[in-house]
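Asks: Task: produce atomic coordinates for the following.
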Amino acid sequence: MNKKVYIKSLWFGLFYLMSVVLAAFSCKPRPKAKPVEKPNIVLINVDDLGWKDVGFMGSMYYDTPNLDAFAEQGMVFTNAYAGAANCAPSRACLISGWNTPRHGVYTVSPSERGDKRTRQLIPTKNTDHLGNMVYTLPEMLKSAGYVTANFGKWHVGSDPGEQGIDHNIGGSHRGNPGKDGYFSPYNIDFIENGPDGEYLTDRLTQEAISFIKKNKDTSFFAYIPFYTVHTPIQGKESWIDRYRLKEGIDGQDNPTYGAMVSAMDENVGRLLNTLDEFHLAENTLVIFTSDNGGIRSISNQDPLRAGKGSYYEGGIRVPLVLRWPEKVASGIKNKNPVSNLDIYPTLQEIAGPNQKAVNLDGLSLVGQFQNPLKWERDLYFHFPIYLQAYNKTEDDSRDPLFRTRPGSVIISGQWKLHQYFEDSALELYNLNNDLGETYNLIDENPEMAKELLAKLDLWRMANRAPIPTENNPDYDAAFEKQQANTITD
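Replies: Have a look, this model is predicted:
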């Protein structure tokens, strides 16, 4: 064979062989790219826990070692607010991502609270629950592939299963566990009774732990809205006995309430230990907060004024901690104003759902996770109804008959403006210098009040916030004055 022909044939053969080999490899199925692992989410929303009812926020009375350690591992937001000052509207804000005028839940019905002879206006009608048209936080997370669960107080509908929850224990329309309800047999819905005397907070935590274990290999959302520390005030005797040996301080001195706080802290510790046990902590965002301020006559929040149901700081400021190792900077106290309305957009940015919620009223906190630069934003609150007093001598509200009368509030930087609809009264406070809202600066700084009121008017117009204007025919000014004087004398 000619040498040139031989070499040409050899190269042709090698080329053909390589083509066959490459074709064989190309026919094999390629390994699929590993999907991006989404973080698990644990959202703990305690009921009526005051801003200063935990050690990391300054309490010297309540023992919360688990939460104090957790706060060191995460970012503490010292200027965190609920979306509203009482249970139902705050939870509606959290689950919908909308402020109160958009969902219409202002209170636990009815909106006509207190003696009718002391109400000057006909209040706005209340909406009991979130409507079916609301695209809820759990529904959004389901769209992102999460398994969703609720353990405890739902309170924004009758059945969480119809609002995006796959697995529900204890959640329904109920706002509290009922008489003697913290011990089995229980009064709440969607739960089987445990052994007689079983403590509800322990049981809900155990159910959450079982859910986490079962779903440890997928992305899960565990919403844990403990009924505690809502009334009735009931704790385990072992904890009550410990608190009886403690001396009260700064208006915090109730052993039974202390027992509830510590039992909650103990169970948060159990949840965190479960995440550690199954090596889930590194890929789990844990959020701890409360739905509104505490009840002042049960646990004082000084220096904050008033408590649950009031739009003074004691009614709307809440503890808030986020922990996500390496993703959220630890050991930082973030002073920026934030709201529970921010939780929905934050989780949406993290989860990346197929179907996103639009026109949410909060801001994503993701940009604050590593480098919490100061940001400028205004917070708005709207409450066009009445909420009667809890304790007429201790509530520390504007007047002794109501925790709140119809009005709106804006917080803008260091300034806070209250507007009341009955008498068009304005109260202006500088929160940097007067966190207790003790000195009304309306006469000293009318221009600031005018500026904030203009912002408030624009916000209400944009959100179609109802303002009650119809006079109440049953109002009796003399009776109202007599009732107020009876209390203050």
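Asks: Only C-alpha atoms from now on, for both contacts and neighbour counts.
Replies: Fine.
Asks: list the contacts for residue 227?
Replies: If a contact means Cα atoms under 8 Å, 6 or more residues apart in numbering, then residue 227 has 46-47, 152-153, 175-177, 201 as its contacts.
Asks: part of a helix, is it?
Replies: No: Residue 227: not assigned to a helix; according to DSSP: H, G, I helix; E, B strand; the rest coil it is coil.
Asks: Tell me how far it lies from residue 44.
Replies: Using Cα to Cα, to the nearest Å, residue 227 is found at 11 Å from residue 44.
Asks: and the contacts of residue 227, which two are the farthest apart?
Replies: 175 and 201 (15.0 Å; Cα to Cα).
Asks: Have a look at those two and say which one is more surrounded.
Replies: A count of neighbours by other Cα atoms under 10 Å puts residue 201 above the other of residue 175 and residue 201, at 23 against 20.
Asks: wait, is the more buried one part of a strand?
Replies: No: counting by three-state DSSP, residue 201 is located in no strand; its state is helix.
Asks: Low-confidence stretches in this protein?
Replies: 1-36, 487-489 (pLDDT under 70).
Asks: repeat that with 80
Replies: 1-37, 487-489 (pLDDT under 80).
Asks: Give the next helix or strand downstream of the helix or strand hosting residue 447.
Replies: Using DSSP states H and E, residue 447 sits within helix 446-462. For helix 446-462, the following helix or strand on the C-terminal side (DSSP H and E) is helix 477-488.
Asks: For that next one, list the C-alpha coordinates in PDB.
Replies: Taking Å, rounded to 0.1, in the frame of the first residue of the first chain, the C-alpha atoms of helix 477-488 are listed here in PDB:
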ATOM      1  CA  ALA A 477     -71.100  64.000  77.200                       C
ATOM      2  CA  ALA A 478     -72.200  64.500  80.800                       C
ATOM      3  CA  PHE A 479     -72.200  60.700  81.400                       C
ATOM      4  CA  GLU A 480     -68.800  60.400  79.800                       C
ATOM      5  CA  LYS A 481     -67.300  63.100  82.000                       C
ATOM      6  CA  GLN A 482     -68.900  61.600  85.100                       C
ATOM      7  CA  GLN A 483     -67.400  58.200  84.300                       C
ATOM      8  CA  ALA A 484     -63.900  59.600  83.700                       C
ATOM      9  CA  ASN A 485     -64.000  61.700  86.900                       C
ATOM     10  CA  THR A 486     -65.100  58.600  88.900                       C
ATOM     11  CA  ILE A 487     -62.000  56.800  87.800                       C
ATOM     12  CA  THR A 488     -59.500  59.600  88.200                       C
END
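Asks: Need the contact partners of that helix.
Replies: Counting by Cα under 8 Å, 6+ apart, 117-118, 392-393, 399-401 sit against helix 477-488.
Asks: Number of residues surrounding the nearest residue to residue 149 once chain neighbours are set aside?
Replies: Distances taken as Cα to Cα, 6 or more residues apart in numbering place residue 167 nearest to residue 149, at 4.5 Å, with adjacent residues excluded. Counted by other Cα under 10 Å, the residues lying close to residue 167 total 14.
Asks: how much space between residue 167 and residue 212?
Replies: 12 Å.
Asks: likewise residue 70?
Replies: For residue 70, the distance to residue 212 - Cα to Cα - is 19 Å.
Asks: swap in residue 307?
Replies: For residue 307 relative to residue 212 (Cα to Cα), the value is 34 Å.
Asks: So these two - more neighbours on which side?
Replies: Of the pair residue 307 and residue 212, residue 307 is the one with more neighbours under other Cα under 10 Å, namely 35 against 24.
Asks: Quickly find the element holding that one.
Replies: Assigned by DSSP H and E, residue 307 belongs to no helix or strand.
Asks: shouldn't it be in contact with residue 317?
Replies: No: counting by Cα atoms under 8 Å, residue 307 does not reach residue 317; the two are 9.1 Å apart.
Asks: quick one: common contacting residues for these two?
Replies: Contacts common to residue 307 and residue 317, judged by Cα under 8 Å, 6+ apart, are 50, 293.
Asks: how about the helices of the stretch 251-400 of the chain, start to end?
Replies: 255-277, 313-316, 343-351 (DSSP state H, counting those that start in this stretch).
Asks: Tell me which of those lies nearest to residue 37.
Replies: helix 343-351 (10.0 Å).
Asks: Export the closest one to CSV, keeping only CA atoms.
Replies: In CSV, the C-alpha atoms belonging to helix 343-351 read as follows (Å, rounded to 0.1, in the frame of the first residue of the first chain):
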residue,chain,number,x,y,z
ILE,A,343,-41.9,39.7,57.0
TYR,A,344,-43.9,38.8,53.9
PRO,A,345,-41.8,40.6,51.3
THR,A,346,-38.6,39.4,53.1
LEU,A,347,-39.7,35.7,52.8
GLN,A,348,-40.9,36.2,49.3
GLU,A,349,-37.5,37.5,48.2
ILE,A,350,-35.8,34.6,49.8
ALA,A,351,-38.2,31.9,48.6
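Asks: Which strands or helices does that helix pack on?
Replies: helix 87-96, helix 137-143 (3 or more Cα pairs under 8 Å, 6 or more residues apart in numbering; DSSP states H and E).
Asks: what about 6 Å?
Replies: Of the remaining helices and strands, none touches helix 343-351 by 3 or more Cα pairs under 6 Å, 6 or more residues apart in numbering; DSSP states H and E.
Asks: between it and helix 87-96, how many degrees?
Replies: 20 degrees (axes from the mean of the first three to the mean of the last three Cα atoms, to 10 degrees).
Asks: Could you tell me how far helix 343-351 lies from the centre of the chain?
Replies: Computed by Cα atoms, centre = their mean, to the nearest Å, the chain-centroid distance of helix 343-351 equals 14 Å.
Asks: Flag every buried residue along that helix.
Replies: 343-348, 350-351 (16 or more other Cα atoms under 10 Å).
Asks: can I get these in CSV with distance to residue 190?
Replies: What follows is the buried residues of helix 343-351, written out as CSV (distance: Cα to Cα, whole Å):
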residue, distance to residue 190
343, 26
344, 25
345, 29
346, 29
347, 27
348, 28
350, 30
351, 28
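Asks: Which parts of the stretch 251-400 of the chain are strands?
Replies: 284-290, 320-323, 332-334, 338-339, 378-383, 387-388 (DSSP state E, counting those that start in this stretch).
Asks: Out of the contacts of residue 227, flag the one nearest to residue 365.
Replies: So of the contacts of residue 227, ranked by how close each gets to residue 365 (Cα to Cα), first place is residue 46, at 20.5 Å.
Asks: which one is the closest one nearest to, not counting chain neighbours?
Replies: Closest residue in space to residue 46, ignoring its immediate chain neighbours: residue 290 at 4.6 Å, by Cα to Cα, 6+ apart.
Asks: Thank you kindly, that will do.
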